[in-house]
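Colleague: Using only what follows, build the 3D model:
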Amino acid sequence: MNGRNVVTRDPEILGGIPVFRGSRVPAKTLIDYLEHGQSIDEFLDDFPSVERDQVLGLLDQLSAVLLEQPA
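Modeller: Residues are numbered from 1 along each chain as shown. Okay, the predicted model is just below:
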């Protein structure tokens, strides 16, 4: 799954905060889980509307931003 397609913003869904496409699960919730030592599997168990490919796509996208070389 393309990392650009895993997260969406819609002012009608949670006031426009980024959520996993097709769900009402904020993308930041994944980051919160990981920051607190919980695994991707735990996140997926707690939020079954999110698919593993979406999680991996978001992490790939975030990694690309972090590793971007300044011009």
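Colleague: who's in contact with the closest residue to Gly16 other than its chain neighbours?
Modeller: Distances taken as Cβ to Cβ, 6 or more residues apart in numbering put Arg9 closest to Gly16, at 5.1 Å, once the chain neighbours are dropped. Using the backbone N, CA and C atoms, a C-beta is placed for each residue, glycine as well. Each residue near Arg9 by Cβ atoms under 8 Å, 6 or more residues apart in numbering is listed here: 16-19.
Colleague: ok, longest helix in the protein?
Modeller: Counting residues, the longest helix found in the chain (DSSP state H) is helix 52-67.
Colleague: Distance from the chain centre to that helix, please.
Modeller: Relative to the mean C-alpha coordinate of its chain, helix 52-67 is positioned 8 Å out (Cα atoms, centre = their mean, to the nearest Å).
Colleague: for stretch 6-20, same thing?
Modeller: Centre-to-centre, stretch 6-20 and its host chain are 11 Å apart (Cα atoms, centre = their mean).
Colleague: Which positions in it come out as buried?
Modeller: For stretch 6-20, the neighbour count (16 or more other Cβ atoms under 10 Å) marks 6-7, 18-20 as buried.
Colleague: for stretch 41-53, same thing?
Modeller: Counting neighbours by 16+ other Cβ under 10 Å, the buried set in stretch 41-53 is 43-44, 47, 50-51.
Colleague: Please tell me how far the closest residue to Ile17 other than its chain neighbours sits from Gly16.
Modeller: Nearest non-adjacent residue to Ile17, counting by Cβ to Cβ, 6+ apart: Pro26, 5.5 Å away. When distance is defined by Cβ to Cβ, to the nearest Å, Pro26 is 11 Å away from Gly16.
Colleague: hang on, the earlier thing: with respect to Leu67, which of the buried residues of stretch 41-53 is nearest?
Modeller: Using Cβ to Cβ, Phe43 comes nearest to Leu67 of the buried residues of stretch 41-53, at 22.9 Å.
Colleague: in what helix or strand does the nearest residue to that closest one once chain neighbours are set aside lie?
Modeller: Take Phe43 and drop its neighbours on the chain: the residue closest to it by Cβ to Cβ, 6+ apart is Tyr33, 4.5 Å away. In this structure, Tyr33 sits in helix 27-35 according to DSSP states H and E.
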